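Asks: Return a 3D structure for these sequence lines:
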Amino acid sequence: MEVLKGLGSAFQRGWQDLSEGWRDIVQRGSSALTRFFPRKDEQPTQVLSFPRWGMLAGEVIDRGSSVVAQVELPGVERDDCQVTVQDGYLRIRGERRSEREHLGASYYLMERAYGGFERAVRLPPDVDEGSAHARLRDGVLRVEFKKKKGAASQRRRIEVR
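Replies: Numbers count the residues shown, from 1 in each chain. Below is the predicted model:
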């Protein structure tokens, strides 16, 4: 009987650890989870073959006199990416295009989402929105802001180089 109680306790601890791990993943990943929308020219069978949700993980770093926001955008080309800043949010719109040579193929594994997306990242209140400079390199969008007390909020498009 003691052996069964010990096994039950071990199972319960293991289950709690597993549950806690999943809660942590969901909590940390919830803001990075991004909805992808099918392109208008895709056929219904193509739309069903790709996942509609994907992770666009990011980070916002305080570097003292500046703030750097970085968001992973693998497979997104510079021309397919639009970056704006307004009211304390960095907004990233874009499209991850599927490779046409694979359409209609059978997949063993398909976890990558394709289509249009939008992601909003909250910025610290002391960034100067007008000082933003953006760069997309190696699948990572990097937007740097200078810090400025009381910066007025305005919407402006940021050119990605």
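
Asks: ok, then the element right after the helix or strand bottoming out on mean pLDDT in the chain?
Replies: Least confident helix or strand of the chain, by mean pLDDT, DSSP states H and E, is helix 44-49 with a mean of 52. With elements assigned by DSSP states H and E, the helix or strand that comes after helix 44-49 is strand 53-55.

Asks: List the buried residues in that next one.
Replies: Buried residues in strand 53-55, counted by 16 or more other Cβ atoms under 10 Å: residue 54. In this view, the C-beta of every residue, glycine as well, is placed from N, C-alpha and C.

Asks: do stretch 58-73 as well
Replies: 58, 60, 67, 69, 70, 71, 73.

Asks: Test my guess that the fifth one contacts residue 140.
Replies: Yes: under the contact definition of Cβ atoms under 8 Å, residue 70 touches residue 140, with a separation of 5.7 Å.

Asks: circling back to that earlier point, for the buried residues of stretch 58-73, give me TSV that also has secondary structure and distance to residue 16.
Replies: Listed next are these as TSV, based on DSSP: H, G, I helix; E, B strand; the rest coil; distance: Cβ to Cβ, whole Å:
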residue	secondary structure	distance to residue 16
58	strand	30
60	strand	32
67	strand	38
69	strand	35
70	strand	34
71	strand	33
73	coil	36
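
Asks: out of those residues, who's nearest residue 136?
Replies: Closest approach to residue 136 among the buried residues of stretch 58-73 (Cβ to Cβ): residue 73, at 6.7 Å.
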